[in-house]
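**Q** Quick one: sequence and predicted model below, then my questions.
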Amino acid sequence: MTLSYTGGELAVIVFAMLFAGFVKGATGLGYSTSCLPILALSLGLKASLPLVLAPSLASNVTVMLGAGPVAPAVRRFWPMLAAAPLGVLAGAALLGRVDGDMAGAALGCALVAWCAFAFATPHWRLRPALERPLAPGVGLVTGVINGLTGSQVLPITPFLMSLEMPRGVFLHTLNLSFTLSTLAMGAALTRLGIMTVETATISLSGIVLSVAGVRAGAALRRRLPERTFRAGVLAVLSLAGAALIVRGLG
């Protein structure tokens, strides 16, 4: 199979996949959160979305395998988990109707909002009585944002952080949402004609790069202050998000 990517574009893809794995291993930040902005600035958002699916899915499954039993998360949050893929399909339908740069600007907005939240790390708690009625809407909105931009973290991560739960339940719920949404995204991108044999092959190859990056990042975690490194990564991602906004609105 002859690749349609230039040497420079392939170099960016390799760098982005290694970097995202490195950041995930060093700080725990989501794979697609770090990978997508770099790819979108170089290739455009629509061309970038299918490339991150397989590495992101692999990283999500890896986290879940080490987080204990999954049943408590499914029992507590199944309406939210069921709503997320439906939102992805709706968001992807919108993606097919909008200009790629505008979708990139939407990703930039989601990225800047996430980085601002991550910098602030607010300590707030949601009243328990509100969890059940809000959860399906949170899943649906998260899915729509994911389908349009590829970002999977808002508003589900702040919502889960506002609830009292064991760490294993938190990790399983978040990664189950990511996994189900990634599978729905793959189906939606295939239907839109964005997921092709070529992009699927590169995405699958990215699993090796992401694993290598995660291992390197995990090794670095023991040598550098995680908080300082994480702050630097968030600053870079904020700038990338701002650049996507400027390009989309320019």
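**A** Structure received. Numbering: from 1, shown residues only.
**Q** Remind me which helix or strand the residue nearest the centre of the chain belongs to.
**A** Among the residues of the chain, S32 comes closest to the average C-alpha position under C-alpha atoms, centre = their mean, at 3.7 Å. Assigned by DSSP states H and E, S32 falls within helix 31-43.
**Q** what packs against that helix?
**A** Secondary-structure packing of helix 31-43 (3 or more C-beta pairs under 8 Å, 6 or more residues apart in numbering; DSSP states H and E): helix 7-27, helix 45-48, helix 53-65, helix 100-120, helix 226-249. In short, each C-beta sits where N, CA and C put it, glycine included.
**Q** which of these is buried the deepest?
**A** helix 45-48 (a mean of 23; mean count of other C-beta atoms under 10 Å).
**Q** contacting residues around that one?
**A** 36, 39-40, 95, 100-101, 103-104, 107, 149-150, 194, 199, 244 (C-beta atoms under 8 Å, 6 or more residues apart in numbering).
**Q** do that again at 6 Å, thanks
**A** Applying C-beta atoms under 6 Å, 6 or more residues apart in numbering, the contact partners of helix 45-48 are L36, L39, A40, G100, A103, G104, L107, I194.
**Q** Show the low-confidence segments of this structure, by residue range.
**A** Across the chain, the ranges flagged by pLDDT under 70 are 1-3, 28, 66-67, 221-222, 224, 226.
**Q** L111 against L239, yeah?
**A** No: contact between L111 and L239 fails when scored by C-beta atoms under 6 Å: they sit 9.8 Å apart.
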